[in-house]
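In: Next comes the sequence, and after it the predicted model I'd like to discuss.
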Amino acid sequence: MRVPRALALAACACLALGACDSREHGEVAAPPAQVDENLETLVPSLVDAVQAKQVAFVMDHVAPAFKEERGLDYYDVRALLEKYALGEEPIGARLESVELTPLGDARQRVSARVAFARGQRLAVGAPLPEGGVVYALEVDFARNGARWQAVTGRYARVSPAPATSPETPETATR
């Protein structure tokens, strides 16, 4: 029940489009209104979208030029998310903590801790199941119009598979 490290990055880079469409066949939907996104509310939504297997929502927030410091790119993130979204097994993702740091030029760094587990959803405050892990993520987001998109990032595993959600030290940011 190991969770790949890259899925941790995909969660933030990813970081609600999967709702069923009830329109009649052939009816065209109006484009959604553009509202300036708030990164503070977007990050938890991205983690929730990973758990809900909403690949389109996450990928809308990953820049096509995304490159993680170890080489993971946009297409790798998409492939990982699709792999888990198409599987029958639930994927658990839970935001443990988050901090935003302005970088200037319409950019911000998100430093977060995200818990992952395969086979079940993760409720807030619930113990981390066997095989669950916590990752420290740093993802740089840039504005693209009204939308925030992940442009680069890095991650580190901060816990083995404990029986409960661990106390983890703060992530150092530059």
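Out: Cool, got the structure. Residues are numbered from 1 along each chain as shown.

In: Would it be right to say that Asp48 lies in a strand?
Out: No - counting by DSSP: H, G, I helix; E, B strand; the rest coil, one finds Asp48 to be helix, located in no strand.

In: right, and it touches Ile91 too?
Out: No - the pair Asp48 and Ile91 fails to qualify as a contact (CB atoms under 8 Å) at a distance of 11.5 Å. For the C-beta atoms, the positions are set from N, CA and C on the backbone; glycine is no exception.

In: more neighbours, those two?
Out: Between Asp48 and Ile91, counting by other CB atoms under 10 Å, Ile91 is the more crowded of the two (23 against 17).

In: quick one: the more buried one and Asn38, what's the gap?
Out: Distance, Ile91 to Asn38, by CB to CB, to the nearest Å: 25 Å.

In: Partner strands of the top strand by length along the chain, with direction?
Out: Ranked by number of residues, the top strand in the chain under DSSP state E is strand 91-104. Using DSSP bridges, the strands paired with strand 91-104 in its sheet are strand 107-118 (antiparallel).

In: Next secondary structure after the strand it pairs with?
Out: The helix or strand immediately downstream of strand 107-118 is strand 133-144, counting by DSSP states H and E.

In: After that next one, heading C-terminal, what element do we hit next?
Out: Going down the chain from strand 133-144, the next helix or strand is strand 147-157, by DSSP H and E.
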